[in-house]
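>>> The sequence and its predicted three-dimensional model are supplied below.
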Amino acid sequence: MDFSLMLVVAVAVTGVIWLLDLLWWRPARRQRLATVEAGTTEGLGERAREQAIKEPWPVDYARSFFPVLLVVLVLRSFLVEPFQIPSGSMRPTLEIGDFILVNKFAYGLRLPVINTRFVEVDDPERGDVMVFRFPDEPSVNFIKRVVGLPGDRIRYEDKQLFVNGEAVPKRLLEAGPVKAPTELLMAEQLGELEHRIYNNPRDPGPQVRELVVPEGHYFTMGDNRDHSNDSRYWGFVPEENIVGKAFAVWMHWDGGLPSFTSVRRIQ
């Protein structure tokens, strides 16, 4: 299900019902009440008056839910949206079960559902952790790290990332089991901030010959480099697919009790 579409439809339906009641139905009820009262010398009792002017249940629900739905739509579409991490493709930066917050205005304000940018704010930078609609299935949201900007030359060989002909600096932080390490924790300097990645020396992984990122597109990779379905396999992320910039983990929940001890900024 497309939650954004459902939310927009709910706001539209409740808003239209509320507006129709405000402009036509409520004045009509009051007019009927005045007509009935004018036709009796004894007047109507309090209960009869309440029944005569009582709102139909669709109007009552619409009036109650419309403001709440509108606030949720504005917050979710233009300010901050929560997501849950479903896979390990961004380990060690993000773990399965992390709940993250995504800044929806960092890369410009976009209309809900159609995702068209109508206010430009900034563009993604190398090193940003970005949420976007998967190009092959736009109803699915992906989260990866931006490694290539429009016009960049990208190459990935023997687990080394090259941007514009230069190797991206990285250093070993921690190795797995000595006899057969399957995870090497590395620190990589991409952009202004240093972040951590995993490499598996036993997995040859994909090789990417040098390619140029087209205008209006971005090249992304997961921090769990040998266990990530990213641009190395399916190509570039179009600008119109961008959802926002992930900036914080606010909770972790993997099936047990939720934990707030892992609250942190995302780098």
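Nice, thanks for sending it over. Numbering: from 1, shown residues only.
>>> residue ranges of the helices in the stretch 101-250 of the chain, please?
231-234 (DSSP state H, counting those that start in this stretch).
>>> just the strands in it please.
109-110, 117-119, 129-133, 141-148, 153-157, 160-163, 166-167, 170-175, 184-189, 194-199, 208-212, 217-221, 237-238, 242-252 (DSSP state E, counting those that start in this stretch).
>>> separation between Met130 and Trp24?
47 Å (Cβ to Cβ, to the nearest Å). (C-beta placed from N, C-alpha, C; glycine too.)
>>> quick one, which of the two is more surrounded?
Ranked by neighbour count (other Cβ atoms under 10 Å), Met130 and Trp24 place Met130 first, with 24 against 10.
>>> dump the residue contacts of that one.
124, 143-146, 218, 220, 237, 242-246 (Cβ atoms under 8 Å, 6 or more residues apart in numbering).
>>> from the residues you listed, which is closest to Arg155?
Thr220 (15.2 Å; Cβ to Cβ).
>>> Show the subsequent helix or strand relative to whichever strand or helix holds Phe65.
Phe65 is part of helix 57-74, with elements assigned from DSSP states H and E. Once helix 57-74 ends, the next helix or strand along the chain (criterion: DSSP H and E) is strand 80-84.
>>> how many degrees apart are that next one and strand 129-133 in direction?
90 degrees (axes from the mean of the first three to the mean of the last three Cα atoms, to 10 degrees).
>>> Tell me where the model's unsure across the stretch 101-250 of the chain.
176-181 (pLDDT under 70).
>>> Go again with 80.
By pLDDT under 80, the weakly predicted segments of the stretch 101-250 of the chain are 175-182.
>>> hmm, back to that, helices or strands up against the helix holding Phe65?
Here helix 57-74 touches helix 3-20, going by 3 or more Cβ pairs under 8 Å, 6 or more residues apart in numbering; DSSP states H and E.
>>> Can you tell me what sits against the helix it packs on?
Contacts of helix 3-20 (Cβ under 8 Å, 6+ apart): 58-59, 61-63, 65-66, 69-70, 72-73, 76-77, 112-113.
>>> picking up where we left off before, now the strands of the stretch 101-250 of the chain in TSV, with distance to Thr35?
Shown next, in TSV, are the strands of the stretch 101-250 of the chain (distance: least, Cβ to Cβ, whole Å):
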stretch	distance to Thr35
strand 109-110	49
strand 117-119	48
strand 129-133	55
strand 141-148	55
strand 153-157	75
strand 160-163	77
strand 166-167	83
strand 170-175	81
strand 184-189	77
strand 194-199	72
strand 208-212	75
strand 217-221	65
strand 237-238	60
strand 242-252	54
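>>> Fine by me, we can end here.
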